[in-house]
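Make a model of this:
(chains A and B)
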Amino acid sequence: MAHHNTISHDPQKENFTFGGGLKKMSIIFIILGIIGMVWAYFGHTENHHSRFWSNFLLNTYYFNGIAISAVFLVAAHSIGYGGWQTILKRVFESFGYFVFITVIFFLIIVIGMWLDWHSLYHHWTHAPETDTIVGDKKAFLNKNMFSFIVIFFSALWMFGVVLMRRHSLNEDNAKDPIKHNQTAKYKSAAYIVIFGVTTSIFSWVAIMSLDPHWYSTLFGWYNFASYMCAFLSFAILIVTYLKYKGHLVNVTESHLHNLSLFLFGFSVFYTYLWFSQFMLIWYGNIPEDTMYFVKRFNVPLFKVLFFVTFIINFIFPFLFFLRRNAKRNFWIMNIAAVILIFGHYLDFYLMVMPEPNAISEHASHDDHHASLNNVLSASAKIENEKTVLDSASNDAVKVSTDVVVDHKDHSHEAASSHSKHGNSTTLASFGIIEIFIFLGFIGLFIYTVMTVLSKNRIVPPTSNPFFKESLNHNY
Amino acid sequence: MNKGKKEHKNYIYGIYSHEDNFLNAIDSIRSNGVEIDDAYSPFPVHGIDEKLGLEETQLHTAGFVLGLTGTFTALGVITWISFINYPTIFGGKPFWGLPAFVPIIFELTILMAAVGMFFVYIKRNELFPGKIPLMVDERTTDDKFALAFGTDDMSSDNVDKIKGLLQSSGAEEVHTKSFE
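Residues are numbered from 1 along each chain as shown, chains lettered A, B, ... in the order given. So this is what the prediction gives:
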């Protein structure tokens, strides 16, 4: 096939071999991860090895989200005729293959649930008969449904990822490249539907159900925004690595600029959802909603991480990426990407850790009700004070100030009585085990992605109708 | 453009029919050390601002400053209202309840940045109502390109030099235009 493309193209650079320092690094990371897991499993046997299982769930969920949202970005661009990502799309598609690893890990969690290896979901698998909140959700929250959703969704993801990747690879030998490219949008549309429905439902089933008494209607979106940011950070790192190694020669600052723009945009979107979830619950002040944040604010570690997450995931990228020059600088963006990967890990840490690491499900149930009563009595007190306020109209401002001080005292009292439990009832901590397991997953992720990437050409053929547009992408 | 464009009474300009000739002409004229006062095009031409040697726009700096103005205005006003001037209890929240202020702060930041940038843009580009634009040739709104030089401060030798440059750069026509 004759190409009319004038831009020179080095065929040597289109195949990537995975080796050298990165391979060594990822293997070392995997070993560290295994050490961390063994240490967590045998060193911390309390509460059905909760430290091991909660870390396992956290990282599996996090990297699963990164893998499926990578293919989502390709699908969304394909359906919207976004040409700039054409020379990068095979890199993103290979991210998706990590679902073949996470499906194994999710199956371990499912089997563990049936065989009672872990207590991750004991809130609803072992709920007492009197717990009517869980009882009302039994039709959805039961072991059969959980197993079905995990297996069915994982199958859908594997199907979607392979569908998109196969289509992209078949382009190498396509007789009619334009027609071939046109059919990509039907597959992309199917993938977007799969992605949209499954990520949302899966976030309820895997993460929100850790505390079945609590729910948030924007949880799926919130999770999506978080792992989209993490994916874009990984994309920046891996694209820079490939460029540094002499591949992807045609990737310029303009392509990086687009990735950085997405990262900036999704960071702001993430903050929007993070804050919306917090503010509505804070303002509504309904005890069963507030418990989610009470549990996180009463443990000093969680409280610190809560604000660290906000600083890393919003204030840092917002001020850091605001300038055009920062978005176009490979060095700056790589440093930022590493920080953001960690920041979004902390975000999921705060979602997962507090529940499974409560000292035992009965204790935490009692704790739950006790602190609920505390909050209720505190708000009842405030109601009484308000009546006082209505009658004393002479010095309204002074009285109302008193009430607020009073209210603070009460809530402080409630909080401190709870934190006595809170401090003693959590087994979660942030130490070397967490970092080792996280590094292990990073190593496994990089190893998988790079191995998949090295199997085929990493750049689509020049016959792709969007190839030239992608090459000339410049602004 | 950042230093403010001086408006001349008399202009000399060359007409081009094709975008590529137009862009090459800019290069060839500027390589002779002559700065172009204005370039007219029927559509936005990619990369023309670098070719003309224009500085990067400072509109984003204006946007950032205006946004910050909005942030602090909102924070100041809402603090004054609900903490100093008329403290009222809503749902047992503290008077200075920052999370509840964030939507207001956010909205005013966006509003001031967007509306402010609109006015800065209009002012800098002189697009406000009542402004009569200097249009050297009406064909530049249809299918022609033009490069214009203000000749108010030039000697006739220099005008001849520019005329020569325009012709040698491939201008199809060279005209003069006077504005009253």
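
Please count neighbours and contacts with C-alpha atoms only from this point.
OK.

which parts of chain B sit against chain A?
When proximity is defined as CA under 8 Å from any CA of the partner chain, chain B approaches chain A at B:87, B:88, B:89, B:91, B:92, B:93, B:94, B:99, B:100.

tell me the domain ranges of chain B?
B:10-57+B:133-178, B:59-124 (automatic domain parsing).

for these, which one sits closest to residue A:288?
Checking these against residue A:288 by CA to CA gives domain B:59-124 as the closest, at 16.5 Å.

one step back: and which of the residues of chain B next to chain A is nearest to residue A:224?
Of those, the one sitting nearest to residue A:224 (CA to CA) turns out to be residue B:99, at 23.2 Å.

Please, where are all the strands along chain B?
Using DSSP state E, the strands of chain B run over B:10-16, B:38-40, B:145-150, B:173-178.

mean pLDDT for the domains of chain B: which is lowest?
Lowest mean pLDDT within these: domain B:10-57+B:133-178, a mean of 89.

measure that one end to end?
For domain B:10-57+B:133-178, the first-to-last residue distance is 4 Å (CA to CA, to the nearest Å).

on that earlier part again, could the strands of chain B go into JSON lines alongside distance to residue A:319 and mean neighbour count?
Shown next, in JSON lines, are the strands of chain B (distance: least, CA to CA, whole Å; neighbours: other CA atoms under 10 Å in any protein chain shown):
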{"stretch": "strand B:10-16", "distance to residue A:319": "44", "mean neighbour count": "22"}
{"stretch": "strand B:38-40", "distance to residue A:319": "36", "mean neighbour count": "19"}
{"stretch": "strand B:145-150", "distance to residue A:319": "40", "mean neighbour count": "23"}
{"stretch": "strand B:173-178", "distance to residue A:319": "48", "mean neighbour count": "15"}
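
ok, and the closest non-adjacent residue to residue 17?
Looking at chain A here, since you left the chain open. Leaving aside its sequence neighbours, residue A:17 sits nearest to residue A:454 (CA to CA, 6 or more residues apart in numbering or on different chains; 5.3 Å).

look at chain B instead
Residue B:17 sits nearest to residue B:144 (CA to CA, 6+ apart), 5.0 Å away.

show me what contacts the one you found?
Residue B:144 makes contact with B:15, B:16, B:17, B:18, B:41, B:42, according to CA atoms under 8 Å, 6 or more residues apart in numbering or on different chains.

Residue A:187 now?
Residues in contact with residue A:187 (CA under 8 Å, 6+ apart) are A:75, A:163, A:164.

7 Å instead?
Taking CA atoms under 7 Å, 6 or more residues apart in numbering or on different chains, we find residue A:187 in contact with residue A:164.

That one falls within a helix, correct?
Yes. Counting by DSSP: H, G, I helix; E, B strand; the rest coil, residue A:187 is found in a helix.

any idea how far residue A:256 is from it?
Relative to residue A:256, residue A:187 is positioned 26 Å away (CA to CA).

contact partners of the strand or helix carrying residue A:326?
Counting by DSSP states H and E, the element that carries residue A:326 is helix A:324-327. Here helix A:324-327 makes contact (CA under 7 Å, 6+ apart) with A:257, A:260, A:321, A:332, A:333.

Relative to residue B:46, how far out is the residue in the stretch 1-150 of chain A that chain B sits nearest to?
Using CA to the nearest CA, residue A:84 is the residue of the stretch 1-150 of chain A that sits closest to chain B, at 16.7 Å. Taken as CA to CA, the spacing of residue A:84 relative to residue B:46 amounts to 17 Å.

Mind checking which of the two has more residues around it?
residue A:84 (22 against 11; other CA atoms under 10 Å in any protein chain shown).

Of the residues of chain B next to chain A, grab the buried ones for ChimeraX.
In ChimeraX, a selection of the buried entries from the residues of chain B next to chain A looks like this (16 or more other CA atoms under 10 Å in any protein chain shown):
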select /B:87,88,89,92,93,94
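
now, among the residues of chain B next to chain A, which is nearest to residue A:466?
When these are compared for distance to residue A:466 (CA to CA), residue B:99 comes out closest, at 45.6 Å.

Excluding covalently adjacent residues, which one is nearest to that closest one?
In space, residue B:99 comes closest to residue A:279 once its chain neighbours are excluded; the distance is 6.0 Å by CA to CA, 6+ apart.

Shouldn't the one you found be within a helix?
Yes. Checked against three-state DSSP, residue A:279 lies within a helix.

on that earlier part again, render the CA-only coordinates of the helix holding residue A:326 in CSV, please.
Extracted as CSV, the C-alpha positions of helix A:324-327 are listed here (Å, rounded to 0.1, in the frame of the first residue of the first chain):
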residue,chain,number,x,y,z
ARG,A,324,0.5,26.7,30.0
ASN,A,325,4.2,26.1,30.4
ALA,A,326,3.8,23.6,33.2
LYS,A,327,1.4,21.5,31.1
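
Just give me the residue right at the centre of the chain.
Reading this off chain A. Centrality entry for chain A: nearest residue to the mean C-alpha point is residue A:227, 3.6 Å, by CA atoms, centre = their mean.

Can you look at chain B instead?
Using CA atoms, centre = their mean, the residue of chain B that lies closest to the mean C-alpha position is residue B:125, 4.2 Å off.

Excluding chain neighbours, give the residue nearest to residue A:112 in space.
residue A:118 (6.0 Å).

From chain A, how far off is the residue nearest to the centre of chain B?
In this view, residue B:125 and chain A are 22 Å apart by CA to the nearest CA, to the nearest Å.
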